[in-house]
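> Just need the structure, nothing else, for what follows:
(chains A and B)
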Amino acid sequence: MIKSLDPRITRAEIELENPIDPLKDLDQWETYEVFHQKKRGDQHMHVGIVHAPNAEMAFIFGKEQFGRRGMSVNIWVVKTRDVFTSDYDDSDIFDTVPEKQYREAGGYKVMEKINKYKKGN
Amino acid sequence: MNENTIAAIKELLYKMADDLLIIGHRNSEWTGLGPILEEDISFSSMAQDKIGQAQTLYNLLHELGEQEPDTIAFMRNANLFHNAQFVELPNNDYDFSLMRHFLYDHADQLRFEMLAHCRYEPLAKVARKVKGELKYHVFHGNIWVVKLGSANEMSHNKMQAALNLAWNYALGMFEEGPFEELLKSEAIFEGEKSLQEKWLANITPILLKAGLSIPEPKTWKPVLGGRKCEHTAHLAPLVEEMSEVFRYDPTANW
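Predicted coordinates:
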């Protein structure tokens, strides 16, 4: 029997030779992505992942893993496999040719005023 | 408030706080040993909630002239605790711990709900403050009990066995005290009988949904005594373990 400084472990009467069966495939619950909302009207933000057998359990786990510090007003949970993701090999779709300053915030005329103000301080 | 009313409120606060402290400690024994990480964290977090709620109630007792909250919690021996025997039973397997959590938290939520407008305002205030925590605890219990009650034969049988084992102890939560009438006439608390009725009405549909059966009423035999500080052999070692560090140096500053 394992004798531990933690009385709970000693009480559990665990054999020293305790062969652990290796987990079989698909022995785990699937995962859910958790999104929380900090205040009503805000966007929901991704905060992490939980294992759960259904959406309700994902909700109670998500609440306690990510919302227990009282920073949320709402939670979404979505099955990970229902999330369509782009391929990292396709990351180049986000590249854009630089000669399009007019599409960036820095290209607006107001930038001059902002820079002038920054310099003035 | 006259002396009798204060005595009645103290009796009410002691049993509520002691229930919370003892079940909070029992549930915290699962920390690090829970069935899966997410559940381990959730169950531990709720155990902390309960100990926090106990502390709030010990504070009220202190305001009514009892000793410091830490002293009340950690310096009494088991034969001075007013908790129901239900909450001191060992955790057994997770099925029993979950079932106890489910049965206890429904009662706890209702008790606080009944107190949310009681005439003793400090307690009413606490009851309103803990509303959200209790609601989550009840969500958690309901969802697990329904899931395991109806998942497969093994989980169903385990949950039914846990319910059968827990039942008479759970009924002991509603043991009547010497102040039932007074608390009612002073518009503080409606009474244990009324609480038990509401409790039964709340848990019945959930257990039905879980496919679990409440034991036949003719077999009901509430395990009483806890409110009068009569306990099983399990409470003394729990109190000893819980207060070991505090008693090592009661004057230490934490």
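
> any chance you could map the helices in the chain?
All of this is about chain A. Here chain A has its helices, by DSSP state H, at A:7-11, A:55-66, A:110-120.

> The chain in question should be chain B.
B:3-28, B:37-63, B:69-74, B:85-88, B:94-115, B:121-129, B:131-150, B:153-171, B:180-185, B:192-209, B:235-248.

> Those: which one's closest to chain A?
Nearest of these to chain A, taken as Cβ to the nearest Cβ: helix B:37-63 at 3.9 Å. In this view, the C-beta of every residue, glycine as well, is placed from N, C-alpha and C.

> and that closest one, which residues are buried?
B:38-39, B:41-51, B:53-61 (16 or more other Cβ atoms under 10 Å in any protein chain shown).

> ok, and which of those reach chain A?
When contact is defined as Cβ under 8 Å from any Cβ of the partner chain, those meet chain A at B:Glu38, B:Glu39, B:Ile41, B:Ser42, B:Ser45, B:Met46.

> Tell me which of the helices of chain A sits nearest to A:Ser86.
Among these, helix A:55-66 comes nearest to A:Ser86, with 23.7 Å by Cβ to Cβ.

> Who are the packing partners of the closest one?
Helices and strands touching helix A:55-66, as assessed by 3 or more Cβ pairs under 8 Å, 6 or more residues apart in numbering or on different chains; DSSP states H and E, comprise strand A:31-37, strand A:45-51, strand A:74-79, helix B:37-63, helix B:131-150.

> Mind checking those for the one nearest to A:Gly120?
Among the helices and strands packed on helix A:55-66, the nearest to A:Gly120 by Cβ to Cβ is strand A:45-51 (35.8 Å).

> What strands line up against that closest one, and which way round?
Strands that pair with strand A:45-51, judged by DSSP bridges, come out as strand A:31-37 (antiparallel).

> Other residues contacting the strand it pairs with?
For strand A:31-37, the surrounding residues in contact (Cβ atoms under 8 Å, 6 or more residues apart in numbering or on different chains) are A:43-52, A:55, A:58, A:62, A:65-67, A:71-80, A:83.

> If we use 7 Å, what do you get?
Applying Cβ atoms under 7 Å, 6 or more residues apart in numbering or on different chains, the external contacts of strand A:31-37 come out as A:44-52, A:55, A:58, A:62, A:66-67, A:72-80, A:83.

> next one: stretch B:157-172
Stretch B:157-172 has contacts (Cβ under 7 Å, 6+ apart) with B:84-86, B:89, B:95-96, B:99-100, B:103, B:145, B:148-149, B:210, B:212, B:215, B:220-224, B:226.

> So which residues on chain A come close to chain B?
A:7-8, A:50-51, A:53-54, A:56-57, A:60-61, A:63-65, A:68 (Cβ under 7 Å from any Cβ of the partner chain).

> follow-up on the earlier one: most tightly packed of the helices of chain A?
helix A:55-66 (a mean of 21; mean count of other Cβ atoms under 10 Å in any protein chain shown).

> and that one, how far out from the chain's middle?
12 Å (Cα atoms, centre = their mean, to the nearest Å).

> again, but for stretch B:203-210
Distance of stretch B:203-210 from the chain centroid (Cα atoms, centre = their mean) equals 20 Å.

> And stretch B:103-114, by the same measure?
With Cα atoms, centre = their mean, you get 8 Å for stretch B:103-114.

> Is there any residue in it that contacts chain A?
No: using Cβ under 7 Å from any Cβ, stretch B:103-114 stays clear of chain A, coming no nearer than 12.8 Å.

> Can you list the buried residues in that stretch?
Applying 16+ other Cβ under 10 Å to stretch B:103-114 flags B:Leu103, B:Tyr104, B:Asp105, B:His106, B:Ala107, B:Asp108, B:Gln109, B:Leu110, B:Arg111, B:Phe112, B:Glu113, B:Met114 as buried.
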